[in-house]
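Colleague: Fold the following and give me the result.
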Amino acid sequence: MLNGPILTYRDATTADVPEVVALVESAYRGDASRGGWTTEADILEGQRTDPEGVREVIERPDSRMLLAHQDGSLIACCQLERRGEACYFGMFAVRPGLQGGGLGKVVMAEAERVAREDWGATTMEMTVISVREELIAFYVRRGYRRTGELSPFPYGDERFGLPQRDDLAFERLVKALA
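Modeller: Purely as a prediction, here's the structure:
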């Protein structure tokens, strides 16, 4: 994959909302997500995001949805949100059939560059479902540090999915941007 066609990046517009929602859903929920390794299908059912949530990221000041295209097709995306000297990294999705080939690392590096160069961010932070040990390990290998800071999962709010277990929480991870 990485030796293939060049990736191009741009910020999403509201016209991209349906395609971004479809990509995020395919990477995390339902049978399609099982084609990659980031699936949450065994711990959460229902939706991962919705058009309103994606539109809010695109339209909110100090926020953007970075899109990665290859040969004109959307293959990855992530949310960036300026929070003072920090940048929040979220809604990260890579097309399931392209996961595991290094694409995620490349897109993360671009997101970190954008946060550092465009916003002057000195740290990147994210939250990850604490039971997602394989995913957390991926981020740790990319230089993120587990903080041990947990926040509750929004049980009862179907916008975040339908939990299949009762021990979900979000763990905050951070990385210094050089």
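Colleague: tell me which residues of the worst-scoring helix or strand of the chain on mean pLDDT are tucked away?
Modeller: Every helix and strand in the chain was compared by mean pLDDT, DSSP states H and E; the lowest is helix 30-33, with a mean of 80. With burial defined by 16 or more other CB atoms under 10 Å, the residues of helix 30-33 counted as buried are 32-33. Using the backbone N, CA and C atoms, a C-beta is placed for each residue, glycine as well.
Colleague: my guess is residue 53 contacts residue 157, does it?
Modeller: No. Residue 53 lies out of contact with residue 157 (CB atoms under 8 Å); the separation is 11.5 Å.
Colleague: Show me what the helix of greatest length in the chain is packed against.
Modeller: Secondary structure of the chain per DSSP state H: the longest helix is helix 103-119. Secondary-structure packing of helix 103-119 (3 or more CB pairs under 8 Å, 6 or more residues apart in numbering; DSSP states H and E): strand 7-11, strand 63-70, strand 73-83, strand 86-94, strand 123-129.
Colleague: Settle it for me: which of residue 53 and residue 157 has more neighbours?
Modeller: Each of residue 53 and residue 157 has its neighbours counted (other CB atoms under 10 Å); residue 53 has more, 19 against 8.
Colleague: Could you pull out the buried residues of stretch 62-73?
Modeller: Residues of stretch 62-73 classed as buried: 63-70 (neighbour count, 16+ other CB under 10 Å).
Colleague: repeat for stretch 68-87
Modeller: 68-70, 74-82, 86-87.
Colleague: TSV for these, including pLDDT and distance to residue 141?
Modeller: Shown next, in TSV, are the buried residues of stretch 68-87 (pLDDT from 0 to 100; distance: CB to CB, whole Å):
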residue	pLDDT	distance to residue 141
68	98	20
69	97	26
70	95	23
74	98	25
75	97	21
76	97	18
77	98	21
78	98	17
79	98	21
80	98	21
81	98	23
82	98	26
86	97	21
87	98	20
